[in-house]
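Sharing a model prediction with you, sequence too.
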Amino acid sequence: MFDPSKVLLSQIIVDTLSSLGITADRERVYQSIEFCPQPELGQYAFKTFIVAKQAGMNPMEFGTKLCDALKQHNQISSVAQAGPYINLILFSGEIAPLLIDDGASGDVAVITPSVPHRYMIEHSQPNTHKEMHIGHTRNSVLGDTLCRLLKHNGYSVFAQNYHGDEGAHVAKCIWYIRTFNQSPAEGQDKGTWLGQMYVDSTAKIEGATPEEAEQYKAGISAVLKGIESREGPDYAYWKETRQWSLDMFHEVYDWLDVSFDSDCCESDVSEESISVVKEYLDKGVFIRSEGAVGADLSDKKLGFCMLLKSDGNGLYATKDIALALKRFREQNPDTCVYVVDNRQSHHFKQVFATLDKMGFPQANRCYHLAYEMVETKNGAMSSRKGNIVPILGLIDELEAQARGILEERYSADWSAEEIADVAKLISRSAVRYGMIKVDPESKIVFDMESWLTFEGNTGPYLQYVFARICSLQRKSSDDEINLSSEISWSALDKTSEQQLLAHLANFNEMVDVSCTKLKPNMFASYTYDLARKFNAFYAECPINSEPDASLRQARAALVRLTQIYLGTAMDLLAIPRIERM
RNA sequence: GGUCCCGUAGCUCAACUGGAUAGAGCAUCUGCCUUCUAAGCAGAGGGUUACAGGUUCAAGUCCUGUCGGGAUCACCA
């Protein structure tokens, strides 16, 4: 029960029912309160049928009695029965004080959870020696937003990145560079160049004659052995180039405002992972089959989870298990969430079932947050084929677009540097919001044109509303508003004002729902609605130009409250607050 | 073939997991800037929620089947 306004309303209803001789469960009443589908109907709607059924009464009769009794209540400004619903409006003076923190920090306060809880969130996972594309961006934005929401909900969070830095793709890339004497151009981003070398290497291999293919295969195998030997020139070059990729990734993370508590690589756990498998093979948990070692999960209809190939090498699942054990040991998380695209659903079912079979109870609190892919109009992106949309390319286009718009409007007043700075912040919001607003289970078909618009349901729209609020405050001739002073809140009786207040009160509930359902898009949607409701209020109600001083003050206070809530919401979505745009 | 996910307005997506007349954004049309930022607001048109059954006071949401799209199912990651 995170919505203070609905808590108040449910208490009013419980008390009123009690005076009628009906006992009702407060939580059940709370869950029977929703927002009116149309603003004209009212602010809140109480569904009578759930509680009526529990009380063994006819919903209509129950509703009529309750409605008549609520009409006498001094905290309710309007109440009307509409079939099985009772539509209500609370006096604004009842809601607004519930939304003010005494700390006056300018942010919505972090929630104190009833039980402490630690989350491990793994996300991003770009492979080194490959280009980073907008698919990775969706992953990171999803994971990072989830981390922020969980932290606001009072949980402790351990954010983990995990790079595929070994295996065939790396060997191919390095083999190609060294065999054909490639080198990056002066001033070129080396990480991006590596991604191109990987694409070129696959093209070279695919175009090879049978004799060349044999030769190439031997060369790649030699590079792979060189890297695994942890010494010699191939190993040294692998370490050097890997860093180029990691540097590029961090450039992108900085731009996106994404951070991690741990930046782990497959090579960090691959050795350990082999010994873990052997240990559990000896314990009789794992079995040998057709020369390979793995977990028999046929009782759970998950087949065979292979952990050692017949050549003795580990696989992806092997390392995932070793890394999970390391995290259980070192971080002691209550819940682990793996943000990975939905093609890995079967893989994670196997990994979790294997951890369970190994006797780790944490396995039952591991979740795969499976999201759909980002595709182009021509279908799936593949870094192997090179038909990807690189994130750095998208960033360049967005910033150019934003600069163009800003120059048109502000070239007379703003410096070039200021324009570039704000353009960057607008571009970041376009990317973050564009990626997070869609349900994780929905595919995103990328087209550049729609990403370059900053109107409607977009990140820049949120920034625009925030900038409007700041502008109102700059232009006000009154003293800066103090929310803890006497404010005649109940003067706020316009529909748009009541709608906005009720929406603000729902903030923490939406954070919680987004966390428990692992759907940060729900919070994005909440934030967009918040901005829209402010705009509706802005259009309907004069603020600075309101002649009545106490009403003007109350509206300025509502503007300030919105600034606090919208600002915090933007922080949770990593959408930068902009004071002028 | 088995398993999992998806199918909602011309297009892109919502719908707080069973609740009122299914909502937004693009796009189209109509209003609103000599008065708080028009990156905005208000309004119009646009829907048999793929199809057929079922469950119940109530189904886009749950169950069954059909059709269509995608993913995945042992030595890839």
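Noted; the coordinates are in hand. Note that the structure is a prediction, hence the values are computed from the model and not measured.

Now do the contacts for the nearest residue in space to residue A:182 that is not next to it in sequence.
For residue A:182, ignoring the flanking residues on the chain, the nearest one in space by Cβ to Cβ, 6 or more residues apart in numbering is residue A:197 at 5.9 Å. Glycine gets a C-beta too; all of them are placed from N, C-alpha and C. With Cβ atoms under 8 Å, 6 or more residues apart in numbering as the criterion, the residues that contact residue A:197 are A:129, A:173, A:176-177, A:182.

does residue A:450 count as helix, strand or coil?
Secondary structure of residue A:450, reduced to three states by DSSP: H, G, I helix; E, B strand; the rest coil: helix.

can you pull out the strands in the stretch 251-400 of chain A?
Ranges of strands in the stretch 251-400 of chain A, per DSSP state E, counting those that start in this stretch, are A:262-265, A:287-289, A:292-296, A:304-308, A:335-341, A:366-371, A:374-376, A:379-380.

Parallel or antiparallel, which strands does the least confident helix or strand in chain A by mean pLDDT pair with?
Using mean pLDDT, DSSP states H and E, the weakest-scoring helix or strand in chain A turns out to be strand A:379-380, at a mean of 84. Strand A:379-380 has these partner strands in its sheet, going by DSSP bridges: strand A:374-376 (antiparallel).

what residue ranges in chain A score low on pLDDT?
Along chain A, the model assigns pLDDT under 70 to residues A:102-104.

tell me the domain boundaries of it?
Using automatic domain parsing, the domain parsing of chain A gives A:4-90, A:160-259, A:391-572.

Distance to residue A:153 for the ones you listed - can I get that in JSON lines?
Rendered in JSON lines, the data for those read as follows (distance: least, Cβ to Cβ, whole Å):
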{"stretch": "domain A:4-90", "distance to residue A:153": "16"}
{"stretch": "domain A:160-259", "distance to residue A:153": "18"}
{"stretch": "domain A:391-572", "distance to residue A:153": "5"}
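
Distance to RNA strand B added to the ones you listed, as a markdown table?
Converted to a markdown table, the domains of chain A look like this (distance: least, Cβ to the nearest atom of the strand, whole Å):
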| stretch | distance to RNA strand B |
| --- | --- |
| domain A:4-90 | 3 |
| domain A:160-259 | 4 |
| domain A:391-572 | 2 |
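
Out of those domains, the one nearest residue A:300 is which?
Taking Cβ to Cβ as the criterion, residue A:300 comes closest to domain A:391-572 out of the domains of chain A, the separation being 22.5 Å.

Give me the distance from that closest one to the chain's centre.
With Cα atoms, centre = their mean, to the nearest Å as the basis, the distance from the averaged C-alpha position of domain A:391-572 to the chain average is 18 Å.

can you tell me how far the residue lying farthest from the centre of chain A sits from residue A:320?
Relative to the centre of chain A, and counting by Cα atoms, centre = their mean, the farthest-placed residue is residue A:211 at 49.4 Å. Note on residue A:211: its distance to residue A:320, by Cβ to Cβ, to the nearest Å, is 38 Å.

Next: residue A:534.
Per Cβ to Cβ, residue A:534 is found 45 Å from residue A:320.

Filter the contacts of residue A:197 down to the buried ones and express that as a PyMOL selection.
Selecting just the buried residues from the contacts of residue A:197 in PyMOL takes one command, with 16 or more other Cβ atoms under 10 Å as the test:
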select buried, chain A and resi 129+173+176+177
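
Out of the contacts of residue A:197, which comes closest to residue A:559?
Checking those against residue A:559 with Cβ to Cβ, the nearest one is residue A:129 at 50.9 Å.

Skipping adjacent residues, who's closest to that closest one in space?
If you skip the residues right next to it in sequence, residue A:129 has residue A:173 as its closest partner in space, 4.3 Å away by Cβ to Cβ, 6+ apart.

Look at that neighbour and give its secondary structure.
helix.

Burial check on the closest residue to residue A:322 other than its chain neighbours, number of neighbours?
Beyond its immediate neighbours in the sequence, the residue positioned closest to residue A:322 (Cβ to Cβ, 6+ apart) is residue A:273, lying 3.5 Å away. Residues contacting residue A:273 under the criterion other Cβ atoms under 10 Å number 24.

Residue A:273 contacts residue A:315, correct?
No. Between residue A:273 and residue A:315 there is no contact under Cβ atoms under 8 Å: 9.1 Å.

Need the overlap of contacts for the two.
With the criterion set as Cβ under 8 Å, 6+ apart, the contacts of residue A:273 and residue A:315 do not overlap.

is any part of the least confident helix or strand of chain A close to RNA strand B?
Yes. Strand A:379-380 reaches RNA strand B (Cβ under 7 Å from any atom of the strand) through residue A:380.

Secondary structure element holding the residue nearest to residue A:179 when sequence neighbours are not counted?
For residue A:179, the nearest residue in space outside its immediate sequence neighbours is residue A:219; the separation is 5.9 Å by Cβ to Cβ, 6+ apart. Assigned by DSSP states H and E, residue A:219 falls within helix A:210-228.

Which elements pack onto that helix?
Contact partners of helix A:210-228 among helices and strands, from 3 or more Cβ pairs under 8 Å, 6 or more residues apart in numbering; DSSP states H and E: helix A:168-179, helix A:190-206, helix A:233-256.

do that again at 6 Å, thanks
Applying 3 or more Cβ pairs under 6 Å, 6 or more residues apart in numbering; DSSP states H and E, one finds that helix A:210-228 contacts helix A:168-179, helix A:233-256.

buried stuff in the first one?
By that I understand helix A:168-179. The neighbour-count criterion (16+ other Cβ under 10 Å) identifies A:169-177 as the buried residues of helix A:168-179.

With stretch A:369-383 instead?
For stretch A:369-383, burial by neighbour count (16+ other Cβ under 10 Å) applies to A:369-372, A:374-376, A:381, A:383.

mind exporting that stretch as PDB, just the C-alpha atoms?
Only the C-alpha atoms of stretch A:369-383 are listed here, as PDB (Å, rounded to 0.1, in the frame of the first residue of the first chain):
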ATOM      1  CA  LEU A 369      14.200 -10.900 -17.500                       C
ATOM      2  CA  ALA A 370      13.800 -11.900 -21.100                       C
ATOM      3  CA  TYR A 371      13.300  -9.100 -23.500                       C
ATOM      4  CA  GLU A 372      12.600  -9.100 -27.200                       C
ATOM      5  CA  MET A 373      15.100  -8.100 -29.800                       C
ATOM      6  CA  VAL A 374      15.800  -4.800 -31.500                       C
ATOM      7  CA  GLU A 375      15.600  -5.300 -35.200                       C
ATOM      8  CA  THR A 376      15.900  -3.200 -38.300                       C
ATOM      9  CA  LYS A 377      13.300  -3.000 -41.000                       C
ATOM     10  CA  ASN A 378      15.300  -5.700 -42.800                       C
ATOM     11  CA  GLY A 379      15.100  -8.100 -39.900                       C
ATOM     12  CA  ALA A 380      17.400  -9.200 -37.100                       C
ATOM     13  CA  MET A 381      20.700  -7.500 -36.600                       C
ATOM     14  CA  SER A 382      23.800  -9.600 -36.600                       C
ATOM     15  CA  SER A 383      27.200  -8.400 -35.600                       C
END
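
For it, which outside residues touch it?
When contacts are taken as Cβ atoms under 6 Å, 6 or more residues apart in numbering, the neighbours of stretch A:369-383 outside the stretch itself are A:130-131, A:133-135, A:138, A:142, A:337, A:339, A:341-342, A:345, A:388, A:440-446, A:518.

repeat for stretch A:490-510
Residues external to stretch A:490-510 that are found in contact with it (Cβ under 6 Å, 6+ apart): A:2-5, A:39, A:43, A:89, A:91-93, A:95, A:99, A:111, A:523, A:526, A:530, A:533, A:536-537, A:540-541, A:551, A:554, A:565.

So for it, first residue to last residue, what's the gap.
Between the opening and closing residues of stretch A:490-510 we find a distance of 25 Å, counting by Cα to Cα, to the nearest Å.

got it, and stretch A:365-385?
One end of stretch A:365-385 to the other measures 37 Å (Cα to Cα).

same deal with stretch A:224-234?
Taking Cα to Cα as the measure, stretch A:224-234 stretches 8 Å from start to finish.

ok, and for it, which residues are buried?
Of all the residues in stretch A:224-234, those buried under the rule 16+ other Cβ under 10 Å are A:224, A:226-228, A:234.
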